[in-house]
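Undergrad: just coords:
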């Protein structure tokens, strides 16, 4: 059974703080993704990665960065959190042989 | 215009009803199509892929119309447990990413 875990289910941070969201998958998947989900806007892709140390911008990368130092781990970084980054953040992974994405449970981030 | 558009609903149907959702996509280079299901406060999970010839999985039927650039999901004999948000997903061949629709909410009532 594929498992994607995220470091926190709920997180509250202050404006200007640096925020790290961690995602780990245990199925040796090559591809990993970070999305945010907001009411009325659906899932929007922030960044994705095809391989270790490799990253590609998604549709809304501004204000975010990512790190993939190991195949199983993909981190999302908010350099200076702002209130408009309050959202549900979802991590996903997929093998290179399939387009099926497996999602983690999500982190609900509130920036005050 | 959004790349993938869905009717947000909500669709409220009685148990046993047949319900259909449509999803339109704007990029003709799109090659792979999927339906995901997302329960309230849960993560999305793949429901089924959509093949050119159409495909069926139990009570669920998915179809693709390339000429009109839409995909559909038909649910027969609705169950209470089918209540969820259904997300349409489209992927272009040369793009590394998939584009998700905003979702259609279904509530099945007794």
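TA: The structure has been received and is ready for your questions. Quick caveat, the model's predicted, so the values are computed rather than measured.
Undergrad: so where's chain B uncertain?
TA: Flagging of chain B using pLDDT under 70 yields the residue ranges B:93-96.
Undergrad: Residue numbers of it in contact with chain A?
TA: B:32, B:34, B:42-46, B:49, B:87, B:91, B:96-103 (Cβ under 8 Å from any Cβ of the partner chain). Where C-beta positions appear, they are placed from N, C-alpha and C, glycine not excepted.
Undergrad: rerun at 10 Å
TA: When proximity is defined as Cβ under 10 Å from any Cβ of the partner chain, chain B approaches chain A at B:2-4, B:6, B:8, B:31-34, B:36, B:38, B:41-46, B:49, B:85, B:87-89, B:91, B:95-103.
Undergrad: Narrow these to those that are buried.
TA: B:4, B:6, B:33-34, B:36, B:38, B:43-44, B:46, B:49, B:85, B:87-89, B:91, B:97-103 (16 or more other Cβ atoms under 10 Å in any protein chain shown).
Undergrad: residue ranges for the strands of chain A, please.
TA: Assigned by DSSP state E, chain A shows strands spanning A:4-6, A:10-13, A:19-25, A:31-38, A:42-49, A:56-57, A:64-70, A:73-78, A:87-94, A:102-103, A:107-111.
Undergrad: which SS state does residue B:81 fall under?
TA: helix (DSSP: H, G, I helix; E, B strand; the rest coil).
Undergrad: Hmm, it is touching residue B:59, no?
TA: No: counting by Cβ atoms under 10 Å, residue B:81 sits too far from residue B:59 to count as a contact (11.0 Å).
Undergrad: contacting residues for the residue nearest in space to the middle of chain A?
TA: For chain A, residue A:34 is the residue whose C-alpha lies nearest the centre (Cα atoms, centre = their mean; 3.0 Å). By Cβ atoms under 10 Å, 6 or more residues apart in numbering or on different chains, the contact set of residue A:34 is A:21, A:23, A:44-49, A:55, A:58, A:61, A:64, A:66, A:74-76, A:89-92, A:104.
Undergrad: Restricted to buried residues, select those in PyMOL.
TA: Buried members of the contacts of residue A:34 can be picked out in PyMOL with the line below, counting by 16+ other Cβ under 10 Å:
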select buried, chain A and resi 21+23+44+45+46+47+48+49+55+58+64+66+74+75+76+89+90+91+92+104
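Undergrad: contacts with chain B among the contacts of residue A:34, please.
TA: Checking these against chain B (Cβ under 10 Å from any Cβ), the matches are A:44-45, A:47-49, A:58, A:90-92, A:104.
Undergrad: So which residues on chain A come close to chain B?
TA: Residues of chain A lying near chain B (Cβ under 10 Å from any Cβ): A:4, A:6, A:31, A:33, A:35, A:37-45, A:47-50, A:56-59, A:88, A:90-92, A:94, A:98-106, A:108.
Undergrad: could you flag which of those residues are buried?
TA: A:4, A:6, A:31, A:33, A:35, A:37, A:42-45, A:47-49, A:58, A:88, A:90-92, A:94, A:99-104, A:106, A:108.
Undergrad: if I pick the closest residue to residue A:68 other than its chain neighbours, what's in contact with it?
TA: With sequence-adjacent residues excluded and distances taken as Cβ to Cβ, 6 or more residues apart in numbering or on different chains, residue A:68 is closest to residue A:49, at 4.6 Å. Residue A:49 is in contact with A:30-34, A:55-56, A:66-68, A:71, A:74, A:93, B:96, counting by Cβ under 10 Å, 6+ apart.
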